[in-house]
Structure formats: C-alpha cells, structure tokens
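*Asks:* how would this look folded up:
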Amino acid sequence: MNQEDKIFRSIRQGSIQSFEDLFRTYYGELCNYAYRFFRDKDTAEEIVQDLFYKLWEKKETLVIRSSVRSYLYRSVYNNTMMLIREKNTRKTTNTLPENSAMIPGSEPDELMQTGELDQVVEKTLSSMPEKVRRIFEMSRFEGLKYKEIAERLLISIKTVEANMGKALKLFRENLKEYYE
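*Replies:* Model (predicted):
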C-alpha cells in the first residue's frame, strides 16, 4: 500500500490531520490545473474547494480505484467540464434570439452529441490499462512533458511515447464516428 492509500484510509476513518495533509499537498497544483480551463483564480479555487468538501463529506463511502492523485485530477477535470457546460447552457438559454437555429451548437442533437462525446472519452479512459491511462492523464491533464513523466515514473521516454501512442490510438478508434 502506497503513502496516498494510507492517507486516504485514515481520512476514511475520520482523520482531520490526514485530510489537511492531503489538502495541503494537492490544493495548489489542483488550483493551477483548474485555472488553465477558466483563467479565473476564484473559479479555479471554488472548483478545488468544492472537490475537497465533497471528498470529506463522502469519505466513508468513496471508493478510489486509481491513485488518489489521479482521482483528484480527474475530479477537477470532470467538475470543470460540468461547470463549462452549465455556463454554456445558461449563456445560450439566457440570450437566445428569436431564431436560435442560427447559433452553432444550440440544436438539441448537437448538445446531445457533446454529452455522448463526454461518455465516449470517459469510457475510453476507463478501458485503458492503468499505466497507459496514468501516462495519458499526466500528459494531457497535468500538462507534463514526456521527459517529466519518464522521470516521475522512472521509465524511459520511449516507454512514455509508446504508451501515449496506445492511448491516442484508442481515442482515434473510439471517436472516429465523430470526426469522419
């Protein structure tokens, strides 16, 4: 069992100290990650604070199948995408002109397709082998370069490249109907 798993186990048992340690360890980098989507510090902090609030609230029932770090980054990503969708939905419903058919992306089938895309992306990520998914997430969600990933995981850059190739191939296969 790694250190993160031990920390999360003690959080599950109600350790405030462990929760604070986890918060201090990841808060800053998760805020920076969320900031990349909105370019708004307050919104980024709100997303991360909400994540930690829910984490504490659901600590007894929460099951993390990946690493705690991956779970936190994935949660920030999901919460960010959900907030972007909410803002886009509010924006289009609050300012729809009489002929809303002229607005790209406002048609119900286009909105439904966006939801389907999210599901395909989630399904693709969950179908990847752990190592491939971890490398993909480090590259795409954490913004790390291949060299940085290789150093963190103690593997060669060629291994990172090969695993990224596998991940991208899976995405191409699963998303081909959306870009053809």
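
*Asks:* Name the single longest helix found in this protein.
*Replies:* helix 68-94 (DSSP state H).

*Asks:* helices and strands around that one, which ones?
*Replies:* helix 3-12, helix 16-38, helix 41-57, helix 108-127, helix 130-140 (3 or more C-beta pairs under 8 Å, 6 or more residues apart in numbering; DSSP states H and E). For the C-beta atoms, the positions are set from N, CA and C on the backbone; glycine is no exception.

*Asks:* tell me the angle the longest one makes with helix 68-94.
*Replies:* Per axes from the mean of the first three to the mean of the last three C-alpha atoms, to 10 degrees, the angle that helix 16-38 makes with helix 68-94 is 50 degrees.

*Asks:* Now do the buried residues in helix 16-38.
*Replies:* 18-19, 22-23, 26-27, 30-31, 33-35, 37-38 (16 or more other C-beta atoms under 10 Å).

*Asks:* what's the closest of these to residue 158?
*Replies:* Set against residue 158, the nearest of these by C-beta to C-beta is residue 33 (26.8 Å).

*Asks:* Three-state assignment for residue 62, please.
*Replies:* coil (DSSP: H, G, I helix; E, B strand; the rest coil).

*Asks:* and if you look at residue 152?
*Replies:* helix.

*Asks:* what number of residues lie near residue 165?
*Replies:* 11 (other C-beta atoms under 10 Å).

*Asks:* One more: the one 4 residues further on?
*Replies:* Neighbour count for residue 169, taken as other C-beta under 10 Å: 11.

*Asks:* How about the one 5 residues further on?
*Replies:* Residues near residue 174, counting by other C-beta under 10 Å, number 15.

*Asks:* what are the phi and psi values for it?
*Replies:* Main-chain dihedrals, residue 174, degrees, to the nearest 10: phi -80, psi -20.

*Asks:* Now do the same contact list for the nearest residue to it once chain neighbours are set aside.
*Replies:* Nearest non-adjacent residue to residue 174, counting by C-beta to C-beta, 6 or more residues apart in numbering: residue 124, 4.6 Å away. By C-beta atoms under 8 Å, 6 or more residues apart in numbering, the residues touching residue 124 are 170-171, 174-175.

*Asks:* Next one: residue 124 from residue 136, what distance?
*Replies:* 10 Å (C-beta to C-beta, to the nearest Å).

*Asks:* List the buried residues in the longest helix of the chain.
*Replies:* Here helix 68-94 shows 68-77, 79-80, 83 as buried, counting by 16+ other C-beta under 10 Å.
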